[in-house]
Each structure stands twice: as C-alpha cells, then as structure tokens.
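# any chance you could fold what I've pasted below:
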Amino acid sequence: MRCREMGATCVKLEPPPGAGAAPGSSGDPMGMYNRSAYATLNQGVRVLVADLKSEAGQRALHRELAKADVLLTSFRPSALTKLKLQWKDLHRQYPLLSQVAIVGAGGARAEQPGHDLTYLAENGLVGGLELPPTLYADMGGSVMAAEAVLQALLLSRRKNKGHYLEVALCDAARYLALPRTWGLTTPGAAVGGAHAGYRVYACQDGRVAVAALEPHFAKALCQAAGADYAGIASMLSAATHQQIARYLLGMTRAALDKLAAERDIPLHTLANS
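Predicted structure coming up:
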C-alpha cells in the first residue's frame, strides 16, 4: 500500500484459498479477518493467485520477477529457501533485481515465531493486560519497508546492480520505543506526565488531551487556567498541575474546543472511554 501510494506499480502474489473456502475468498488471511482492510491494502494492486510450491506458481512468480525492480517478501529464511527465493540465486538470475525481506527478528532469531504483540512487549510497549490500540510494529515496519524499497532503487541505479535489504518488525518496535528508552515517556518523565501542559485531563463531559509543551503554548494554557507561568519549572510543579486540572474539569468539551481556537492551544477533546 505504501509503495503504491508513492506511485509504484505493484503486483502481489497470494496463495490459493484453503480447501472449502467461500467463492471469491482470498488466500491472504487479512481477507478473512477484515475484508474492508484487505480492500484498502490492495487497492490499485494487481493481485495474482500463485501456489509457489508448484511449478505453475513458480513460473508465474518468475514471469513477474523478470519485469520487477524490487521483490518484497515476508517469509522466514527457511521458507525462502523452500520456495527457491534465496538472494544468491535470485541475484544471479536477475542482476538488477533488489529484494527487501521483511522478517520478524533478524540475525540468529530469524527463525523464531513472533508477531506485532510479542515485539511490542519485548520493547516495553505493552502495559497491563490491555492490548495496544493499534499494530504499531506492523505499521512502523511497513514504513521502514517502503523506505528500504526506495533505498534499494537508489542503490541499484547508482551501482547498476540489485541489492538485498532486510527489515525486522522487532527493529520497528524498538525504533518506536526509543522515546521510552531515552526516558522521555516513562511515568513521571518530561512527556510521561511530569509536564502539566502535556497530559490527559478530565473535563466536564469527557476528557481532553493537552499538548501545550512549547513555552508559548504552555504560557497560553496557564493564562487561561489562571495558573502562574514562570518557565519550565512552573509546569513541573504540583500547584500548576492542580490548577490546570481544576480549570479543565469545570469546562465542557465544546468550551475547550472554542478555547483552543481562540487562544492557540494544542488540545483535543475526547468522550469518556
């Protein structure tokens, strides 16, 4: 989807639907989990059905490889070997073709099973028993994979040969976790609740996410709430937290939306979850 949005011509090979599948079914599990998501992900993509374990499927694959700039895969290394998609062989047969291999984790862990949730958990991005609100590693990995496709194209054109690049979903989760690793978003840190201008507060009829982090935004928030502003130190004080919390609790979502527009304060109101 990311490559197609950047103007690439994309061809996707899917396995045949399993035995007993309904007419029109997809061999991609996303087609079973969520048809609307599947339709969005594959809009503008030419989807072909090919069993890569068969001779006919291999012929279909190689017809496309002969015309392609980049092959994007998402198999473990052992599966690539079984499907005759090792980089050494591909590079010999198609010298200008590049490959971007999406894996769960790289190096010695390449054969270990894993998924978005396990990679987020490994990097400290799962709290309590609640599932994360979105598939962060998958979505971050897709952006990194699209970057790798662009990198492969640039390298290929500069050096007149194809290149192999690997993108690990575990690395995508680790990248997304960097602000936490740096101590920016841990509880009580700068953007982990310590700054009174960067928090989620209760309001009269819901909640409000406030992101008045920069000094001019923080000052505007304090002026509206009747709190004293004296630089970053005042935003870290308990008194400022309490005053802003009291002020926002007495405001409706509509009033806060109006305040945001009038005072140029970055905030977003929310219904109670």
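# in the one helix or strand in the chain whose mean pLDDT sits lowest, what counts as buried?
Within the chain, confidence by mean pLDDT, DSSP states H and E is lowest for helix 29-33 among all helices and strands, at a mean of 90. Residues of helix 29-33 classed as buried under the neighbour-count rule (16 or more other CB atoms under 10 Å) are residue 31. Every residue, glycine included, has its C-beta placed from N, CA and C.
# same thing with stretch 212-230?
212-213, 217-222, 224-225, 227, 229.
# distance between the ends of it?
For stretch 212-230, the first-to-last residue distance is 14 Å (CA to CA, to the nearest Å).
# over to stretch 96-107?
Chord length of stretch 96-107, first to last residue, is 25 Å (CA to CA).
# pull out the buried positions in that stretch.
The neighbour-count criterion (16+ other CB under 10 Å) identifies 97-105 as the buried residues of stretch 96-107.
# residues contacting the least confident helix or strand of the chain, please?
Outside helix 29-33, the residues that touch it by CB atoms under 8 Å, 6 or more residues apart in numbering are 25-26, 37-38, 41.
# returning to that earlier point: among the buried residues of stretch 96-107, which are in strands?
Residues from those lying in strands, with DSSP state E as the criterion: 98-103.
# what's the closest of those to residue 270?
residue 102 (33.9 Å; CB to CB).
# quick one, domains of the protein?
Using automatic domain parsing, the domain ranges for the chain come out as 2-180, 190-270.
# assign a three-state SS to residue 40, would you?
The three-state assignment at residue 40 reads helix, by DSSP: H, G, I helix; E, B strand; the rest coil.
# let me know the pLDDT of it.
We note a pLDDT of 96 for residue 40 in this prediction.
# do the same with the one 4 residues further on
Taken from the predicted model, the pLDDT recorded for residue 44 is 97.
# and residue 202, which of the three is it?
Under three-state DSSP, residue 202 falls in the strand class.
# now do the buried residues in stretch 187-200.
Going by 16+ other CB under 10 Å, stretch 187-200 has these buried residues: 190, 192, 195-199.
# sorry, slip of the keys, the one I care about is stretch 247-254.
By neighbour count with 16+ other CB under 10 Å, stretch 247-254 contains the buried residues 247-248, 251, 253.
# how far out from the middle of the chain is it?
Averaging C-alpha positions (CA atoms, centre = their mean, to the nearest Å) puts stretch 247-254 33 Å from its chain's average.
# no further questions, thank you.
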